[in-house]
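1. starting from these lines, generate the structure:
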Amino acid sequence: MSQLDLSLAAEVSARHISFLETGRSNPSQEMVLVLAQALDVPMRDTNELLRAAGFENRYAEPGVDELLSGPLGEAVETMLHHHEPFPMMVIDRLYNLVRTNRAGSQLFLIADVDLAAHEPGTVNVLRLLFDPASRKMIDNWEPTAGTLLRRLQREAFHRPHDREMAELLDDLMNADGVPADWRNHDDAALDPMLGVEFRMGDLALNFLTTITEFNAPQNVTLEELRIESYFPLDDQTRSLCEQLLI
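-> Prediction:
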């Protein structure tokens, strides 16, 4: 954005924007927040801007375990339970698995991943998707992986200072079998739903997946959590999910 565009969006004089950019003036805490909102800066980065300007964080950044230890955690556990016998997972901004229900654990077992053998938050859903062994289990791997990679591209573009996200994106871009044209940033609208087709021998599971995000204007950690829900696309998938939980 130009200084003029930013001044109009933030309702601040272009002269003051210029003084802030060149260092002739120091921003107040309120000015940092106003500019961050005008630029649609994520909460985590807004906190970094505040710290750089000499102020305290505005938004809480609790750990995931702390966040999900109270009433919110109970609500999430209720959602996970009531979605049985179909998989539901809670993931963080880097697509690390935070929580899942029993059906989700069974789905990982089918992919030869025993969650009980891993520490919470150490299983990365995207890295697993791009792993050659897991890739063979997804009939529609290319459209599924391509859609998720474009989603990650957009998120990384929106968080240019998130080094962990940039590293994840770079690793996936350089994974074996990734088409070269996937490196091109795609501004096309992404469908909020995604179909995933798993196949292991004669076993076939066809799901529609959706992503739900929390609306939490005062909490960084909660803003970055997402709930991924799986819904059966056919009777066979529904029946197999029911059998896996018996």
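2. when you work out contacts or count neighbours from here on, use the C-alpha atoms and nothing else.
-> Fine.
3. so which residue is smack in the middle of the protein?
-> Geometric centre of the chain, nearest residue: residue 93, 3.9 Å, by CA atoms, centre = their mean.
4. and the nearest residue to that one once chain neighbours are set aside, what does it touch?
-> Excluding the flanking residues, the one nearest residue 93 by CA to CA, 6 or more residues apart in numbering is residue 224, at 5.1 Å. Neighbour list for residue 224: 92-93, 213-214 [criterion: CA atoms under 8 Å, 6 or more residues apart in numbering].
5. same question, residue 205
-> Neighbour list for residue 205: 197-199, 232, 236-237, 240 [criterion: CA under 8 Å, 6+ apart].
6. just checking, it is part of a strand?
-> Yes. Checked against DSSP: H, G, I helix; E, B strand; the rest coil, residue 205 lies within a strand.
7. longest helix of this structure?
-> The residue-count maximum for a helix in the chain (DSSP state H) belongs to helix 141-158.
8. tell me the gap between whichever helix or strand comes after that helix and the middle of its chain.
-> Going down the chain from helix 141-158, the next helix or strand is helix 163-173, by DSSP states H and E. Between the centre of helix 163-173 and the centre of its chain there are 13 Å (CA atoms, centre = their mean, to the nearest Å).
9. report the inter-axis angle for helix 163-173 versus helix 141-158.
-> Counting by axes from the mean of the first three to the mean of the last three CA atoms, to 10 degrees, helix 163-173 lies at 150 degrees to helix 141-158.
10. and the very next helix or strand once past helix 163-173, what does it pack onto?
-> Moving toward the C-terminus from helix 163-173, the next helix or strand (DSSP H and E) is strand 193-200. Contact analysis of strand 193-200 by 3 or more CA pairs under 8 Å, 6 or more residues apart in numbering; DSSP states H and E lists helix 141-158, strand 203-213 as its packing neighbours.
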